[in-house]
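Give me the fold of what follows.
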Amino acid sequence: MAYRPKVVGVDKAGSNDKDGLYEFVVHLEDGTMCRVFYNRFPEWKLTNVSRLLKTPCPICRKDYICNCFDKFKGELDAQLKDGKIEQALA
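Next up, the predicted model:
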């Protein structure tokens with residue numbers, strides 16, 4: 001079965017409003033947490049995704065740093081832009 005991340009929650013972790021840089025902690029349905037970085041100017045653009053090392057990677061099962069979530073940038077970005085970023089900023 002192929003892995004499909006599903007965003008269930010987003011928390012704002014930090015921001016630099018002047019430069020338009022934002023950092024969010026994303027909670028996925030399977031309990032995995034990721035840190036995503038966005039640049040707001042000229043429009044919202046996901047720049048980086050990294051898994052928080054609280055649980056093993058659901059894709060490769062490694063318990064250390066991996067880059068598996070880079071493959072899902074598009075899916076995560078689409079889910080976050082579908083109203084979840086605005087909720088986290090409010």
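
Just want the most central residue of the chain.
V36 (3.7 Å; C-alpha atoms, centre = their mean).

Surely that residue touches K84?
No - look at V36 against K84 with C-beta atoms under 8 Å: they stay out of range, at 10.5 Å. Where you see a C-beta, it was placed from the backbone N, CA and C, and this is true even at glycine.

Please go through the chain and pick out the longest strand.
strand 7-16 (DSSP state E).

other SSEs contacting the following helix or strand past that one?
Toward the C-terminus, strand 7-16 is succeeded by strand 21-28 as the next helix or strand (DSSP states H and E). Secondary-structure packing of strand 21-28 (3 or more C-beta pairs under 8 Å, 6 or more residues apart in numbering; DSSP states H and E): strand 7-16, strand 33-39, helix 85-89.

repeat that for 10 Å
With contacts defined as 3 or more C-beta pairs under 10 Å, 6 or more residues apart in numbering; DSSP states H and E, the secondary structure elements packing on strand 21-28 are strand 7-16, strand 33-39, strand 45-51, helix 73-79, helix 85-89.

Which of the ones you listed has the lowest mean pLDDT?
Mean pLDDT values for the helices and strands packed on strand 21-28 show the minimum at helix 85-89, a mean of 85.

Just the buried positions in it, please.
I85, A88 (16 or more other C-beta atoms under 10 Å).

Work out the gap between that helix and the centre of the chain.
Distance of helix 85-89 from its chain centroid, counting by C-alpha atoms, centre = their mean, to the nearest Å, is 13 Å.

Please apply the same query to stretch 83-90.
On C-alpha atoms, centre = their mean, the centre of stretch 83-90 falls 13 Å from the chain's centre.
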